[in-house]
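Starting from these lines, generate the structure:
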Amino acid sequence: MSFLIDDKNLIDSAMSTELFSESSDYKLIVEAMRYSALGGKRLRGILTLEFAKMFGCDFDETMPYAVAVECIQAYSLIHDDLPCMDDDDIRRGKPSCHIAFGEANALLAGDALLTHAFCAISKSSSAKNHPERAIKAINVLSDLAGFRGMVGGQVLDLEAAEKEVDGKTLGLIHKLKTVALIKAAVLMGCFASGADEKLCELAENYAENFGFAFQIIDDILDFDGNYETCELNSYVKVHGLEKARKDAMVYIDSANKNLLELSENGFETSNFNELLDFLIKRMK
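Numbers count the residues shown, from 1 in each chain. Down below sits the predicted model:
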């Protein structure tokens with residue numbers, strides 16, 4: 001899937017340019033922001049770029065939206081790792097931001113990335129060219145990253161950390177904590193391109209099915225074969241490994257149906273089909 005590498009490199013370059021200050025006054029905070037934001041697979045940003053491209057928008061026009069969702073993703077990981085949250089000392093094979101820069105600076109770096117996400121969109125030429133599209137993108141990103149989405153999911157996840165949860169509660173946690181930001185990424189790509197309501201709905205359905213499959217497969221990969229030591233809010237712990245595999249395939253099949261409908265409307269969906277094939281291979 002060469003497009004993943006190509007898109008990631010483009011987003012990495014844009015992020016490096018965006019998270020920069022010539023003034024030494026901001027050296028520490030910018031260093032902490034770059035430490036956590038310049039890395040990762042860029043899946044969400046790639047979804048933004050690719051959906052916009054499918055609907056006829058070039059990468060230059062769409063990149064501010066991809067940068068914005070990656071800033072949100074980076075901020076969420078910094079905060080997730082904090083001692084008051086998941087208390088993780090390692091992220092992507094290196095010390096977490098709060099280990100490298102101290103807890104207070106890590107908290108502020110996350111805050112700075114969160115707020116800068118919206119600046120990246122609003123100051124862009126894309127926003128000047130199509131302000132109505134930028135407003136819709138900012139609206140969906142702020143909503144699905146906030147208490148109705150990712151933040152709300154994190155709250156529920158923290159509440160569930162010390163107790164067994166049922167399938168309905170776990171589904172809501174995944175919908176808010178994981179799926180919401182994937183959905184925001186896809187919808188921003190749609191808005192950047194000016195896609196109509198019907199296309200946005202099909203894309204949103206794909207994002208939801210893809211997001212649930214992605215989270216379930218992550219839980220499958222994290223499972224060490226021991227239900228006793230498995231995290232309480234893992235899909236495998238709640239539903240069992242066999243059902244987890246079956247449910248992941250149900251979501252993948254539904255996402256494929258969404259893509260088929262887009263294809264029947266004349267759009268090139270092969271890159272998104274490849275992403276679903278990639279999920280299946282990860283699970284095997």
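
mind checking pLDDT for residue 284?
Predicted confidence (pLDDT) at residue 284: the value is 70.

Contacts only, for the nearest residue to residue 236 once chain neighbours are set aside.
When the adjacent residues along the chain are set aside, residue 236 lies closest to residue 223, with 4.4 Å between them (CB to CB, 6 or more residues apart in numbering). Heads up, the C-betas are built off the backbone N, CA and C, glycines and all. By CB atoms under 8 Å, 6 or more residues apart in numbering, the contact set of residue 223 is 230, 234, 236, 241.

In a markdown table: the residues you listed, plus pLDDT and neighbour count.
Output for the contacts of residue 223, formatted as a markdown table (pLDDT from 0 to 100; neighbours: other CB atoms under 10 Å):
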| residue | pLDDT | neighbour count |
| --- | --- | --- |
| 230 | 85 | 18 |
| 234 | 92 | 19 |
| 236 | 95 | 22 |
| 241 | 95 | 16 |
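
which one of those sits closest to residue 75?
residue 234 (24.2 Å; CB to CB).

Against residue 227, how distant is the closest one?
Residue 234 is 9 Å from residue 227, where distance means CB to CB, to the nearest Å.

So which elements touch the strand or helix carrying residue 212?
When elements are assigned from DSSP states H and E, residue 212 belongs to helix 197-222. For helix 197-222, the contact count by 3 or more CB pairs under 8 Å, 6 or more residues apart in numbering; DSSP states H and E identifies helix 167-174, helix 180-193, helix 235-239, helix 241-264, helix 270-283 as packing neighbours.

Burial check on residue 44, number of neighbours?
Close neighbours of residue 44, defined as other CB atoms under 10 Å, add up to 25.

Oh, that last question was meant for residue 267, not what I typed.
Residue 267 has 18 neighbours, counted by other CB under 10 Å.

mind checking pLDDT for it?
In this model, residue 267 carries a pLDDT of 97.

secondary structure class for it?
coil (DSSP: H, G, I helix; E, B strand; the rest coil).

who's in contact with it?
For residue 267, the contacting residues are 54, 55, by CB under 8 Å, 6+ apart.

quick one: it from residue 168, how far?
Remark: distance between residue 267 and residue 168 (CB to CB) = 34 Å.

Tell me which residues of the helix holding residue 212 come out buried.
Neighbour counts using 16 or more other CB atoms under 10 Å place 199-200, 202-220 of helix 197-222 among the buried residues.

Enumerate every residue touching the residue nearest to residue 96 when sequence neighbours are not counted.
Across the structure, with CB to CB, 6+ apart as the measure, the residue nearest residue 96 apart from its sequence neighbours is residue 81 (4.0 Å). With contacts defined as CB under 8 Å, 6+ apart, the neighbours of residue 81 are 87, 88, 89, 91, 96, 97, 98, 106.

Output stretch 68-75 in PDB, but only the C-alpha positions, please.
Extracted in PDB, the C-alpha atoms of stretch 68-75 (Å, rounded to 0.1, in the frame of the first residue of the first chain):
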ATOM      1  CA  ALA A  68      -5.500  19.400  12.500                       C
ATOM      2  CA  VAL A  69      -6.800  15.800  13.100                       C
ATOM      3  CA  GLU A  70      -3.200  14.600  13.700                       C
ATOM      4  CA  CYS A  71      -2.700  17.400  16.300                       C
ATOM      5  CA  ILE A  72      -5.800  16.200  18.100                       C
ATOM      6  CA  GLN A  73      -4.600  12.600  17.900                       C
ATOM      7  CA  ALA A  74      -1.200  13.600  19.300                       C
ATOM      8  CA  TYR A  75      -2.700  15.700  22.200                       C
END
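
Just give the closest residue to residue 21, not the sequence neighbours.
Nearest non-adjacent residue to residue 21, counting by CB to CB, 6+ apart: residue 30, 5.0 Å away.

Which pLDDT value belongs to the one you found?
Predicted confidence (pLDDT) for residue 30: 97.
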